[in-house]
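1. model this:
(chains A and B)
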Amino acid sequence: MSPEIQLAGIHPRSEKLIELTRSYERAKTSWSQVEVQFEQETKELVKLQKSLGFRHISDGALGWQDQLRPISRSLKGVESGTRYSRWFDTNTFYQKPIVVGKISAGEIDPNDFLRTELLTGERSPKITLPGPYTFSQLSEDKHYENYPDLLSDIAIAEREIIKRLRKEGVSLFQLSEPCLVYQPYRELFRNESEVELALNAIRSVVKDNPEEFVVQTYFGDVAPIFPKLLDLPVRSIGIDLFETNVSSLSEQTSKTLVLGVVDSRESYVEDPYWIADTARKLSEQLDVQNLVFASNSDLKFVPQGIANQKLEALSKASQLFEASR
Amino acid sequence: MSKLFPVQEIGSLAKPKWRTKGLRQPLSSQDLSEAEEWAEKLGIDDFHDRAKNIVKTCDEKERAKEVLELSTLYGLRLFETAGVDNDGVGGEQQRVEMYEHVIKAVQGMHLLGHVHSFDYKYFNKGVAESKISRKHPIYAPEFSDVKKYAQRAVKVPITGPYTLMDWSFSGYYVQKQGASSPKTRKIEAKREFLQDIVEQVVRPEIRDLVNAGASWIQIDEPAVTTHPEPQEMELFVEAWNETVRGFSCKFSDHTCYPSEIGYKVLAEYAPKLDKCDQLALEFANRDTSRLGVDESSREGYSDLKHFVDAGFSGEFGLGVAHVHDFTGNVSSGAGEAVGRDLIESPELVRDRLLYATKIVGNPAKIWANPDCGLRTRTWDVSFAKLANLTKGAELARETFE
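-> Sure, this is the predicted structure:
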């Protein structure tokens, strides 16, 4: 079977939707007009994924205002605040969660996370969430005396959120953990003991149904912690091929690898032959049997037309890869 | 300049409605009523003659030219009337904004579309589709108008090459790389793209500006502190040094809103920047709004120490006025919060300058300026902030007399 293709995060809004949201903000368009366009574009994205042979369908999280917001708003003990912080080294920003009390799952509205009504009946819906370590790293803690307690409580609360989303039919959860591999906001990079804490938090999130989880890394080189990630009891591990020193990867694995093999921060649409060839070399190097092709992170960093072309390139590359096996 | 704590503008002013509308369609006398009010405040004596010409002209290009020239004159006069010592280019009235203005003048690049920044905010991102070069002068026409009307010193802010590269897609430069590793391909593309921006776009522009009489060029590099890795910082330094090589005018860097560790990293590399006479940095945004020259009252300026410790020996353009929405509390005597604006009191500006002097050690090395351009504030607010800024600089000066 050809490698699966998956969306790996937030998909971009179209120019039309962008204009409508801007107009809404200037009080020149009603929310209902914006909502119609959100719905229309979500349907189009679902249709595109189906036509390209996706086995897990995402709604593209078009309405998410940043990568952390829905989780922030579903947690007790966390305030959204009004401060915007830079999302890693991109020219995009997120509302910094402020931890003001003990964290637990609050009232969870699945509609904050996904367009449940548009995914009903779709094959194996997938959702992308920030992993517990990344969420804790990008928050401002004003409550906990010990970082491990903060991380542990986030993991427990996230597990509750996931339970609720599972009831809505979601069957694949991507936990994005860029902070495991890139921390441009810190003077000292995380040490080994912090990695252990992070991995324990992930184990805590996934413990009910580990086979439903992908742990995705991006913006940094996964090589130094790759062996440890492979030990996680999850279905797949995702790597950013545009930041990883691929020649340093040597571990063989029976796990599925999600290859971030199109660059979500570059508009150049990768050649499907190049994608297939790159994937083939890596699969031989690591003797991996199961691959998923994806973008290295959210495609929201490129305009929608480019993002869709990149998905098409992945689809074509998947067929080429299979044909060459 | 021998005066202590001279005041400088740092970037853009908001575009008046008549300026924006006048570039797209004919203006009526009614459209120019706001300009008429400001003409009195700013002493634009020939406003009525200019307004008549703008209203009656049928030639679109002629009207746009006159509107841009007039708005530049207004910007310059606003700074002068507020008491600013260096008026820049009058608030960058002739530029759409700092990024698009340049990309539109680059052969081989085009604006690809909008990308989500946060909430309902987006930015238009350009892509290199072939080897790039400069299509036409970017800032020189504006500088020509500025020279005509400026009554005080001027400097020309330009967008730096590292930021232009970082805010663009490399496109063609990625495609042409031969390396098979995606990571290597990306790094090589970035380096080559940056080199071409320096050689083909920015250096020709600086040459034109210097030949036209520019004596001070401010290179805006907000993107540099977003990539604190040594490899990226070295790339920035290399690009800077190549950019300024061989030119004899004064150069300064403006950087603002860094990541948590951004200034510390920039400080480490600042001494390696050739001919960088001044670092103009944002600080007021992170400072308290209460009076005092002690460390806790002036916590926003603590990062200044990194630059001094690292051995940067040039001047500092000190951000002493906030330029974005303000939501905090203001202590007695430190200023006034009006709606979403903070109007810093002269005393708060003074205390910020005096505290910085304690760190830097030499008051002659400190200029006073807003954190960044004032484009998000109304002209009334910008004027009030600048007027207090100049009064605060005067108060600081008095302590040394």
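2. Torsion angles phi and psi at the residue in chain A that chain B sits nearest to?
-> Ranked by Cβ to the nearest Cβ, the top residue of chain A for proximity to chain B is A:Pro303, at 3.3 Å. For every residue, glycine as well, the C-beta is placed using N, CA and C. Here is the backbone geometry of A:Pro303 (degrees, to the nearest 10): phi -60, psi 160.
3. what residues are up against it?
-> The contact partners of A:Pro303, by Cβ atoms under 8 Å, 6 or more residues apart in numbering or on different chains, come to A:12, A:15, A:267, B:112-115, B:125.
4. ok, now with 10 Å
-> For A:Pro303, the contacting residues are A:12-15, A:18, A:267, B:111-116, B:122, B:124-125, B:127, B:169, by Cβ atoms under 10 Å, 6 or more residues apart in numbering or on different chains.
5. Okay, buried residues for the longest helix along chain B please.
-> Using DSSP state H to define each element, chain B has its longest helix at helix B:60-82. Using 16 or more other Cβ atoms under 10 Å in any protein chain shown as the test for burial, helix B:60-82 gives B:63-80, B:82.
6. got the contact list for the helix or strand just after that helix?
-> Using DSSP states H and E, the helix or strand that follows helix B:60-82 towards the C-terminus is helix B:100-103. Contact with helix B:100-103 is made by B:92, B:94-96, B:109-112, B:123-128, B:132, B:134, B:138-139, B:142, B:158-159, B:161, B:163-164, B:167-168, B:197, B:201-202, B:205, as judged by Cβ under 10 Å, 6+ apart.
7. In strands only, show me the residues you listed.
-> B:109-112, B:123-128, B:132, B:134, B:158-159 (DSSP state E).
8. Would you show me how to pick out the buried ones of these in ChimeraX?
-> Here is the ChimeraX command that selects the buried residues among the ones in strands among the contacts of helix B:100-103 (16+ other Cβ under 10 Å):
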select /B:109,112,124,125,126,127,128,132,134,158,159
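9. can you list the residues of the stretch 251-400 of chain B near chain A?
-> Residues of the stretch 251-400 of chain B that fall close to chain A, judged by Cβ under 10 Å from any Cβ of the partner chain: B:257-262, B:264-265, B:325, B:327.
10. Any chance of CSV for the residues you listed, columns distance to B:Asp46?
-> Below are those laid out as CSV (distance: Cβ to Cβ, whole Å):
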residue, distance to B:Asp46
B:Tyr257, 39
B:Pro258, 44
B:Ser259, 48
B:Glu260, 50
B:Ile261, 51
B:Gly262, 46
B:Lys264, 50
B:Val265, 50
B:Asp325, 36
B:Thr327, 42
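11. Just the buried ones among those residues, please.
-> So, by 16+ other Cβ under 10 Å, the buried ones in these are B:257-259, B:261-262, B:264-265.
12. Lowest-confidence one in those residues?
-> On pLDDT alone, B:Ser259 ranks lowest of those, at 83.
13. for it, phi and psi?
-> Backbone torsions of B:Ser259, given as degrees, to the nearest 10, read phi -70, psi 180.
14. Also A:Leu311?
-> Dihedral angles for A:Leu311 - degrees, to the nearest 10 - are phi -60, psi -40.
15. just the strands in the stretch 301-401 of chain B please.
-> In the stretch 301-401 of chain B, the strands defined using DSSP state E, counting those that start in this stretch lie at B:315-321, B:335-338, B:341-344, B:366-370.
16. Just the C-alphas of the longest helix of chain B, formatted as PDB.
-> Provided in PDB are the C-alpha atoms of helix B:60-82 (Å, rounded to 0.1, in the frame of the first residue of the first chain):
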ATOM      1  CA  GLU B  60      -3.800  60.700 -11.700                       C
ATOM      2  CA  LYS B  61       0.000  60.500 -11.600                       C
ATOM      3  CA  GLU B  62       0.300  64.200 -11.000                       C
ATOM      4  CA  ARG B  63      -2.200  64.100  -8.200                       C
ATOM      5  CA  ALA B  64      -0.500  61.100  -6.600                       C
ATOM      6  CA  LYS B  65       2.900  62.900  -6.800                       C
ATOM      7  CA  GLU B  66       1.500  66.100  -5.200                       C
ATOM      8  CA  VAL B  67      -0.300  64.100  -2.500                       C
ATOM      9  CA  LEU B  68       2.800  62.200  -1.600                       C
ATOM     10  CA  GLU B  69       4.900  65.300  -1.600                       C
ATOM     11  CA  LEU B  70       2.400  67.200   0.600                       C
ATOM     12  CA  SER B  71       2.100  64.300   3.100                       C
ATOM     13  CA  THR B  72       5.900  64.200   3.300                       C
ATOM     14  CA  LEU B  73       6.000  67.900   4.000                       C
ATOM     15  CA  TYR B  74       3.300  67.400   6.700                       C
ATOM     16  CA  GLY B  75       5.300  64.600   8.300                       C
ATOM     17  CA  LEU B  76       8.500  66.600   8.500                       C
ATOM     18  CA  ARG B  77       6.700  69.600   9.900                       C
ATOM     19  CA  LEU B  78       4.900  67.500  12.500                       C
ATOM     20  CA  PHE B  79       8.300  66.200  13.800                       C
ATOM     21  CA  GLU B  80       9.800  69.700  13.600                       C
ATOM     22  CA  THR B  81       6.900  71.300  15.500                       C
ATOM     23  CA  ALA B  82       7.100  68.700  18.200                       C
END
